[in-house]
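Visitor: Kindly return the folded structure for what I paste below:
(one chain, ligands or ions: 1)
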Amino acid sequence: MHAIARLTEDVLHLFYPHLCVGCGNDVLAKNQVICSFCYHDLPRTNYANIKNNPIEKLFVGRLPIHAAHSEFYFSKGKLVQQLIHQIKYHAHLDLGTYLGKLMGSSLFQSNRFQNIDAIVPLPMFADKEKKRGYNQAAVIANGIAETLGVPVVEKLVIRSRATSSQTNKHRIERWQNVEDSFQIASSNFFENKHILLVDDVLTTGATLEACGMAILQIPQVTISIATLAMANS
Ligand SMILES: [Zn+2]
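Guide: Next up, the predicted model:
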């Protein structure tokens with residue numbers, strides 16, 4: 001790099017430091033979102049290639065799916081929780097897209113996630129999305145879409161009824177809480193299609209199950225599931 005260009009960059013860096021959102025480290029290249037230490041620290045599950053993995057087992061008897069995957073393990077106080085917090089509450093959208101791309105690569109390399117026709121992010125309630133300004137599941141879905149070359153469809157499912165907070169509820173209560181809160185907006189185009197349903201963190205799977213049940217009203221539709229992380233609850 002030309003000396004003056006480098007000096008300009010160094011001065012800019014002084015006033016606008018480009019820090020790793022994982023650890024605060026400032027040795028990031030211009031377009032990097034997390035540093036290489038954090039990248040290598042990411043707890044990958046490698047479930048994309050594994051049939052009957054724990055994500056798929058979670059949905060047995062609840063929702064018929066083709067395949068399911070979570071890219072990372074989610075642990076309280078650890079890196080992945082911190083990254084997802086940045087995406088959800090600090091509008092770190094480039095981080096969401098970046099992690100979505102990482103997951104997209106795992107799906108792309110697996111022969112179990114081929115022939116996906118559309119990526120559907122788990123919808124938020126309209127008022128909640130308006131308040132936040134974006135749906136984090138859609139941000140992650142955009143990253144996957146870039147890697148797989150498959151479109152994101154945000155308006156297929158509508159979340160139609162406000163429910164109270166999901167925290168501190170047991171599984172049965174959670175299911176009752178989200179039941180009937182998803183509706184299909186338009187189904188004709190998706191007949192015979194393979195849909196990848198995407199969310200940020202998988203806990204009990206109750207919300208994905210409810211959304212998946214609504215999608216299953218479309219004739220001959222196939223559903224697969226991908227979440228950025230899975231909580232060990
Ligand atoms: Zn870092």
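Visitor: isn't residue 21 right up against residue 84?
Guide: No - counting by C-beta atoms under 8 Å, residue 84 is not a contact partner of residue 21; they are 10.8 Å apart. For glycine as for every other residue, the C-beta is placed from the backbone atoms N, C-alpha and C.
Visitor: and the residue lying closest to residue 74 once chain neighbours are set aside, helix, strand or coil?
Guide: With sequence-adjacent residues excluded and distances taken as C-beta to C-beta, 6 or more residues apart in numbering, residue 74 is closest to residue 229, at 3.8 Å. State at residue 229, reduced to three classes by DSSP: H, G, I helix; E, B strand; the rest coil: strand.
Visitor: I'd like to know how far residue 229 sits from residue 199.
Guide: Noted for residue 229: a distance of 9 Å to residue 199, by C-beta to C-beta, to the nearest Å.
Visitor: what's the neighbour count on the residue nearest to residue 74?
Guide: 24 (other C-beta atoms under 10 Å).
Visitor: Kindly state the beta-bridge partners for it.
Guide: residue 72, residue 201 (DSSP bridges).
Visitor: Show the pLDDT at it.
Guide: Per-residue pLDDT puts residue 229 at 98.
Visitor: ok, it - contacts?
Guide: 70, 71, 72, 73, 74, 80, 84, 200, 201, 202 (C-beta atoms under 8 Å, 6 or more residues apart in numbering).
Visitor: Would you tell me which residues of the protein are close to the ion?
Guide: 20, 22, 23, 25, 35, 38 (C-beta under 5 Å from the ion).
Visitor: confidence score at the last one?
Guide: Think residue 38. 94.
Visitor: Can you identify the element that follows the host helix or strand of it toward the C-terminus?
Guide: For residue 38, the host element (DSSP states H and E) is helix 36-41. Sequence-wise, the next helix or strand downstream of helix 36-41 (DSSP H and E) is helix 54-59.
Visitor: how about that next one: buried residues?
Guide: The neighbour-count check on helix 54-59 (16 or more other C-beta atoms under 10 Å) flags 55, 56, 58, 59 as buried.
Visitor: nearest to the ion, of the residues you listed?
Guide: Distance to the ion, by C-beta to the ion, is smallest for residue 55 among the buried residues of helix 54-59, at 26.7 Å.
Visitor: ok, the spatially closest residue to the closest one that is not a sequence neighbour to the ion distance?
Guide: On the basis of C-beta to C-beta, 6+ apart, the spatially nearest residue to residue 55 that is not a chain neighbour turns out to be residue 68, at 4.0 Å. Plainly put, residue 68 is 29 Å away from the ion if you go by C-beta to the ion, to the nearest Å.
Visitor: is it true that residue 68 touches residue 56?
Guide: Yes - counting by C-beta under 8 Å, residue 56 is a contact partner of residue 68 at 4.7 Å.
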